[in-house]
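# structure here, sequence nowhere to be found:
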């Protein structure tokens, strides 16, 4: 039924589809439907509203079980759009990590840092470096879990020893070679 209504709406010439999607997004948000609010804001191509909805509350939408739809939307955006809003690069990294694509995360974080280095500090970019650091901490934890450090392997008394044994180095910058 929803598809039929969308088709008829698109056929009608006197409706502003973006405005209707924004109205639907607000209604869904007001009535506690976070995913639907996000989807309508994304359909309206209102980046600022989507960012507001994804980060609404104490836990981002992608950490509340909606990583896949958020990742799909993020992957549909151009690099230029993400460069204009560096937090989108960081959200991409988090959703990739959540969807078990950790190997893709570090290049995304490096892109975010590159963009941030070229921008003045403002309200939008203020927390982004902290989110990048938190993501890298999660990558560390994932690396150690995959290598048995936190999963019962008592043969390696410390994370640095485990990393050095596996990779021949003890710096986090060499983490990528450990995933092979």
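Perfect, I can see it now. Being a predicted model, the structure only gives us computed values, none of them experimental.

# do a quick rundown of the helices in the chain.
Using DSSP state H, the helices assigned to the chain run over residues 2-11, 17-30, 34-43, 47-54, 67-76, 79-84, 87-98, 105-117, 128-146, 159-167, 175-178.

# any chance of these in CSV, with mean pLDDT and mean neighbour count too?
Placement of C-beta: from N, CA and C, glycine included. Listed next are those as CSV, based on pLDDT from 0 to 100; neighbours: other CB atoms under 10 Å:
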stretch, mean pLDDT, mean neighbour count
helix 2-11, 73, 9
helix 17-30, 91, 15
helix 34-43, 95, 21
helix 47-54, 93, 19
helix 67-76, 96, 17
helix 79-84, 94, 14
helix 87-98, 94, 24
helix 105-117, 92, 17
helix 128-146, 84, 16
helix 159-167, 51, 17
helix 175-178, 47, 16
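
# tell me which of those sits nearest to residue 60.
Among the helices of the chain, the nearest to residue 60 by CB to CB is helix 47-54 (5.7 Å).

# thinking again about what came up before, quick one: the helices of the chain as JSON lines, columns for distance to residue 61 too.
Formatted as JSON lines, the helices of the chain follow (distance: least, CB to CB, whole Å):
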{"stretch": "helix 2-11", "distance to residue 61": "21"}
{"stretch": "helix 17-30", "distance to residue 61": "11"}
{"stretch": "helix 34-43", "distance to residue 61": "6"}
{"stretch": "helix 47-54", "distance to residue 61": "5"}
{"stretch": "helix 67-76", "distance to residue 61": "6"}
{"stretch": "helix 79-84", "distance to residue 61": "17"}
{"stretch": "helix 87-98", "distance to residue 61": "9"}
{"stretch": "helix 105-117", "distance to residue 61": "18"}
{"stretch": "helix 128-146", "distance to residue 61": "14"}
{"stretch": "helix 159-167", "distance to residue 61": "31"}
{"stretch": "helix 175-178", "distance to residue 61": "27"}
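
# check contacts around residue 26.
residue 37 (CB atoms under 8 Å, 6 or more residues apart in numbering).

# mind checking how far it is from residue 46?
For residue 26, the distance to residue 46 equals 11 Å [CB to CB, to the nearest Å].

# same question, residue 104
Distance of residue 104 to residue 46, computed by CB to CB: 27 Å.

# what number of residues lie near residue 65?
Residue 65 is flanked by 12 other residues according to other CB atoms under 10 Å.

# rewinding a little: more neighbours, residue 104 and residue 46?
A count of neighbours by other CB under 10 Å puts residue 46 above the other of residue 104 and residue 46, at 17 against 12.

# per-residue pLDDT, that one?
Looking at residue 46, its pLDDT is 94.

# show me the contacts for the nearest residue to it once chain neighbours are set aside.
Excluding the flanking residues, the one nearest residue 46 by CB to CB, 6 or more residues apart in numbering is residue 22, at 6.2 Å. By CB under 8 Å, 6+ apart, the contact set of residue 22 is 40-41, 44, 46, 49.
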